[in-house]
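Visitor: Coordinates only, no sequence provided:
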């Protein structure tokens with residue numbers, strides 16, 4: 001028949017108090033700061049650092065292909081820079097006076113005749129000297145549009161592209177030169193540099209060896225070519 005209410009109610013109250021006490025004890029363990037199973041129960045406030053998820057790896061082309069954008073490898077370490085205009089002087093305040101005068105004269109000359117190839121090439125050389133390779137590339141490209149057959153200008157164009165990090169386009173330009181003139185020494189050396197920069201070791205070795213076979217032993221770039229071959233394990 002069951003217990004009378006006057007007895008059952010106190011018994012249920014005692015069990016409820018015991019149950020809630022045990023539950024509270026487990027919750028303190030779970031959300032405490034020491035030995036916690038769940039970690040501290042703290043609320044992030046404004047200004048708290050937020051951990052960013054690690055981004056997925058960037059996909060690259062399969063090994064052996066070289067169509068990914070270049071990031072600016074620069075000249076080979078331990079060798080001189082690519083043949084082309086030498087790195088110019090000047091001061092932090094700007095180029096020397098005579099250089100500024102020549103620049104002004106060339107720009108005025110180009111304003112009168114935008115299709116003056118000599119002025120375009122000279123301006124390209126001067127921008128190269130100032131290590132402004134993007135501007136140098138623009139001038140060389142404009143000169144090549146007027147005379148696509150000039151191997152010296154195309155080689156200088158490739159040099160500027162390489163110095164600005166565009167190795168694949170530099171390689172294309174040098175391939176164009178060497179297709180017409182397979183023994184063009186400056187282009188051979190430069191292509192060896194670019195091929196080494198993008199990791200094509202075997203092709204770079206072949207170009208440096210070809211370069212040494214077409215120049216005199218005392219050529220000013222011969223030592224650089226030999227040094228590059230040593231770097232490549234030859």
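Guide: That came through fine. Please read all numbers here as calculations on a predicted model, not as lab measurements. Residues are numbered from 1 along each chain as shown.
Visitor: Could you list the low-pLDDT ranges of this protein?
Guide: 1-10, 12-96 (pLDDT under 70).
Visitor: Outline the domain layout of it.
Guide: 95-148, 151-234 (automatic domain parsing).
Visitor: how about those domains, which one is nearest residue 11?
Guide: domain 151-234 (82.9 Å; Cβ to Cβ). C-beta coordinates here come from the backbone N, C-alpha and C atoms, glycine included.
Visitor: Against residue 129, how distant is residue 102?
Guide: With the distance defined as Cβ to Cβ, to the nearest Å, residue 102 ends up 11 Å from residue 129.
Visitor: Would you mind telling me which of those two has more residues around it?
Guide: Taking other Cβ atoms under 10 Å, residue 102 and residue 129 do not tie; residue 129 has more neighbours (18 against 15).
Visitor: Distance of that one relative to residue 107?
Guide: On the measure of Cβ to Cβ, residue 129 and residue 107 end up 16 Å apart.
Visitor: and what of residue 208?
Guide: 39 Å.
Visitor: same question, residue 155
Guide: 24 Å.
Visitor: ditto for residue 229
Guide: From residue 229 to residue 107 the distance is 42 Å (Cβ to Cβ).
Visitor: Give me the more crowded residue out of these two.
Guide: Shown here are residue 229 and residue 107; by other Cβ under 10 Å, residue 229 has more neighbours (18 against 12).
Visitor: For the more buried one, which three-state class applies?
Guide: helix (DSSP: H, G, I helix; E, B strand; the rest coil).
Visitor: Isn't it up against residue 210?
Guide: No - with contact defined as Cβ atoms under 8 Å, residue 229 does not count as touching residue 210 (11.5 Å).
Visitor: now the helices for this structure?
Guide: 5-31, 97-112, 117-129, 133-146, 151-163, 167-180, 185-197, 201-214, 222-231 (DSSP state H).
Visitor: circling back to that earlier point, among the domains of the chain, which is the most enclosed?
Guide: Mean neighbours per residue, mean count of other Cβ atoms under 10 Å, is largest over the domains of the chain for domain 151-234, with a mean of 19.
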